[in-house]
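J.: Quick one, what's the 3D model for this:
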Amino acid sequence: MRFIFAFLTISLLFSCSKNKIEKLKPWGFYYDSNFPAPVYTFQNNTVEYSRFLLGKELFFDELLSSDSTISCATCHEQAHGFASHNTPFSAGVNNQLGTRNSPAIFNMAWNPSFMWDGGINHIEVMPIGPITNPVEMNETMQNVVQKLQNSEKYRKLFKNAYGSEQITDQKMLRAFAQFLSMIISDKSKYDKVKRGEATFTTQEQSGYNLFQAKCSQCHTEPLFTDYQYRNNGLDTSFADLGRGLITQNTADYGKFKVPTLRNVELSYPYMHDGRFFTLNQVLDHYATGIVQSSTIDPLIQSGIPLTNTEKQQLIAFLKTLTDYELMSNPWLMEPHH
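T.: Take a look at the predicted model:
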């Protein structure tokens, strides 16, 4: 049985063209049995479909930005693993650019902290970061709540979700948490191999063996991150202090959260500043491009020796982490009215 902690709602879709009733995939918080227990347990945030739907509406709504041009989905596209696509820095209000690449946001219920520097430590307050960032959505929580309260649509959605038209930031943030937690990636070829439903090709298996030997200490299976902060040898000095901005500890300068490698084929460009656009460039960096600094991680201080053949084997394996079902999951698609 695939699910461990399930709140299932089986919905039916009437198909006029086929004149029959079709079952949709079950909705709920369920995940692969190989996954560890999630960090977020929905304590004081009872899982309900109406709250999930409210969170989804909020995620895709540009109303949450100061000039109504930017939504969460603007920088986190489902077709690219809920990451920003093909641009190092996503444009916020007034076409302003930040200084970090928008990361993929799936399997968020397993995150002990958020953002590249871990500056936010709970999923229920995580949206406050981009909403109030002056170069992203540039709003205040008070203004956002007022705009939602002024909306007949949102008054109805909040009443459906919470039994009252009274809108608060806590209700909004908990609805966000329900939607974000349901963005789960566990249906890649890798997952199917682990469940005995598929097999790796020879090249993919060779790449997996290399991955386990040379990469898995930081990109730990099955979530493919250890959620630690590491300096991976990009710079000798740091325009962005990373984790050091939060801790104010010089030992953390230039350290950033280890990103998940799930869906890495689609979530380019790579690194906290989006400096690499291809997986080949990333592997070239680890093989021959490491630069030394005072906080470099000991695991990669001497680089990761890789032949050209090994690089291609590794890439073949990394592509097995692409979850095509996530990209087309109808529960997560932009609502259409």
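J.: centre of the chain versus stretch 330-337, how much separation?
T.: Averaging C-alpha positions (C-alpha atoms, centre = their mean, to the nearest Å) puts stretch 330-337 18 Å from its chain's average.
J.: what does it contact?
T.: Residues from elsewhere that reach stretch 330-337 (C-beta atoms under 8 Å, 6 or more residues apart in numbering): L24, K25, W27, L53, K56, E57, F60, A73, Q78, M182, I183, L326. Using the backbone N, CA and C atoms, a C-beta is placed for each residue, glycine as well.
J.: Which of the residues you listed lies at the shortest distance from M141?
T.: Within the contacts of stretch 330-337, the smallest distance to M141 is 17.2 Å, found for E57 (C-beta to C-beta).
J.: Which element is encountered next along the chain beyond the helix or strand hosting that closest one?
T.: Using DSSP states H and E, the element containing E57 is helix 49-59. Along the chain past helix 49-59, the next helix or strand (assigned with DSSP H and E) turns out to be helix 72-75.
J.: Which residue comes closest to the residue positioned nearest the centre of the chain once chain neighbours are left out?
T.: Among the residues of the chain, I105 comes closest to the average C-alpha position under C-alpha atoms, centre = their mean, at 1.3 Å. Here the nearest residue to I105 in space, its sequence neighbours aside, is F82; by C-beta to C-beta, 6 or more residues apart in numbering that works out to 4.7 Å.
J.: Let me see the contact set for that neighbour.
T.: H76, A104, I105, F106, I183.
J.: In strands, which of those residues fall?
T.: Among the contacts of F82, the subset assigned to strands under DSSP state E is empty.
J.: which ones among those residues are found in helices?
T.: Using DSSP state H to define helices, no part of those is located there.
J.: Please convert the residues you listed to TSV, extending it with pLDDT and distance to D252.
T.: As requested, those are arranged in TSV below (pLDDT from 0 to 100; distance: C-beta to C-beta, whole Å):
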residue	pLDDT	distance to D252
H76	95	26
A104	95	23
I105	96	23
F106	97	26
I183	96	29
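J.: just the strands in the chain please.
T.: In chain order, the chain shows strands spanning 12-15, 20-23, 229-230, 256-257, with DSSP E as the criterion.
J.: and these, which one is worst for confidence?
T.: The stretch with the lowest average pLDDT out of the strands of the chain is strand 12-15, scoring a mean of 35.
J.: Next, find the distance separating G119 from N95.
T.: Distance, G119 to N95, using C-beta to C-beta, to the nearest Å: 24 Å.
J.: Looking at the two, which one has more neighbours?
T.: A side-by-side neighbour count of G119 and N95, using other C-beta atoms under 10 Å, places G119 first with 14 against 8.
J.: Verify the stated contact: that one with Q248.
T.: No. Between G119 and Q248 no contact is recorded; they are 11.9 Å apart, counting by C-beta atoms under 8 Å.
J.: got a list of what K311 touches?
T.: Here K311 is in contact with N280, L283, D284, A287 (C-beta under 8 Å, 6+ apart).
J.: what's the distance between stretch 105-120 and the middle of its chain?
T.: Averaging C-alpha coordinates over stretch 105-120 and over its chain gives two centres that are 8 Å apart (C-alpha atoms, centre = their mean).
J.: which stretches of the stretch 101-250 of the chain form helices?
T.: With DSSP state H, counting those that start in this stretch applied, the stretch 101-250 of the chain shows helices at 128-132, 141-149, 152-162, 169-181, 189-194, 202-214, 243-247, listed in chain order.
J.: what comes up buried for the fifth one?
T.: Residues of helix 189-194 classed as buried: K189, Y190, D191, V193, K194 (neighbour count, 16 or more other C-beta atoms under 10 Å).
J.: what does the third one give?
T.: For helix 152-162, burial by neighbour count (16+ other C-beta under 10 Å) applies to Y154, R155, L157, F158, A161, Y162.
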